[in-house]
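Enquirer: just a sequence and a predicted model for now, questions to come.
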Amino acid sequence: MIRLILHGCNGKMGKNVIDAVKNSSKFTIVAGVDKINSKQDFPVYSRLKEVKEPADVVIDFSFHTAIPQLVEDAAELNLPVVIATTGLDAKEEALVLEKSAQIPIFMSANMSLGINLLVKLVTQAAKVLYENSDIEIIEKHHNQKLDAPSGTALMIAKAINDTLGNTFNFTYGRNPSSGKREKNELGIHAIRGGTIVGEHEVIFAGRDEVLEIKHTAQSRAVFAEGALKAAEFIIGKQPKLYSMKDLLEEG
Ligand SMILES: NC(=O)C1=CN([C@@H]2O[C@H](COP(=O)(O)OP(=O)(O)OC[C@H]3O[C@@H](n4cnc5c(N)ncnc54)[C@H](O)[C@@H]3O)[C@@H](O)[C@H]2O)C=CC1
Ligand SMILES: O=C(O)C1=N[C@H](C(=O)O)C[C@H](O)C1
């Protein structure tokens, strides 16, 4: 059995990981960590360093400000971590990279298989279409989401820029003073409402033709199951910052 510590156990994704573990024969949750202390079937602590139960791996779905303490504690305890939390600032991201020299860290803004295939398809399309079309990303999420744009939208935009040698400046939404669209803009637009689980659409708008590539998450279970796959993948790996690309390449 893989012994799991669930960081952010009392949140929406925490609940989904608990359900995914119930349906899995490979995992058991030995402890949770959350800033809110609500009752679970396992002990809940307020930080990772306080956890008494021996464990093999940590999965995190919490909030970006929790990440520095999480990776500091995980490095001290020599525990691999899967970070699914989005909205990290540059300093938090730099610390994750620094700590990945000590422990294996798996980080992805989206744990679903479909989004990671979408990134592949979109970068291929961008190579062919970018000169003659305008690229815009639209993401839609529930009204409880704290960060905008989504980590996934940023991941897609960065993948396009990496592929095309940083051609684009990102434009976050448009307003009455935005003016005419520039050729080197990549628009990123965030919609928030209701209970939308997560939608990401990339639009290539050319002259007289439009290509749209879209992914819809229909439940949070896909993210929870993806996080369990990532956790299984990093146990026993060398210290490094891993992504979905590494997991998919290993097959
Ligand atoms: N990579 C992926 O596939 C996915 C990533 N996410 C990301 O996961 C994060 C959590 O999402 P939700 O579960 O919807 O949010 P949520 O707000 O429902 O849950 C977050 C939980 O983390 C806890 N928390 C906050 N600060 C903490 C701290 N300092 N220490 C310990 N616990 C803390 C909260 O009390 C709460 O229980 C968000 O950043 C979201 O964008 C969400 C879905 C999929
Ligand atoms: O907060 C969410 O719900 C989600 N967050 C991730 C993101 O910011 O990209 C992934 C997913 O779309 C759900």
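Expert: Yes, it's here. Ligands and ions are numbered 1, 2, ... in the order given.

Enquirer: helices of the stretch 101-250 of the chain, residue ranges please.
Expert: For the stretch 101-250 of the chain, helices defined by DSSP state H, counting those that start in this stretch occupy the ranges 113-129, 151-163, 221-234, 244-250.

Enquirer: contacting residues around the residue nearest to residue 34 when sequence neighbours are not counted?
Expert: Nearest non-adjacent residue to residue 34, counting by C-beta to C-beta, 6 or more residues apart in numbering: residue 10, 4.3 Å away. In short, each C-beta sits where N, CA and C put it, glycine included. Neighbouring residues of residue 10 by C-beta atoms under 8 Å, 6 or more residues apart in numbering: 32, 34, 36-38, 40, 44.

Enquirer: could you list which of these also contact ligand 1?
Expert: Restricting these to those touching ligand 1 (C-beta under 6 Å from any ligand atom) yields 34, 36.

Enquirer: still on that earlier bit, what values do phi and psi take at the residue nearest to residue 34?
Expert: According to degrees, to the nearest 10, the main-chain angles of residue 10 amount to phi -90, psi 10.

Enquirer: would you single out the least confident of the helices of the stretch 101-250 of the chain?
Expert: Note on the helices of the stretch 101-250 of the chain: lowest mean pLDDT is at helix 244-250, with a mean of 90.

Enquirer: let's have the helices of the stretch 101-250 of the chain in a markdown table, adding distance to residue 16 and mean neighbour count.
Expert: Below are the helices of the stretch 101-250 of the chain laid out as a markdown table (distance: least, C-beta to C-beta, whole Å; neighbours: other C-beta atoms under 10 Å):
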| stretch | distance to residue 16 | mean neighbour count |
| --- | --- | --- |
| helix 113-129 | 16 | 17 |
| helix 151-163 | 17 | 20 |
| helix 221-234 | 4 | 21 |
| helix 244-250 | 18 | 15 |
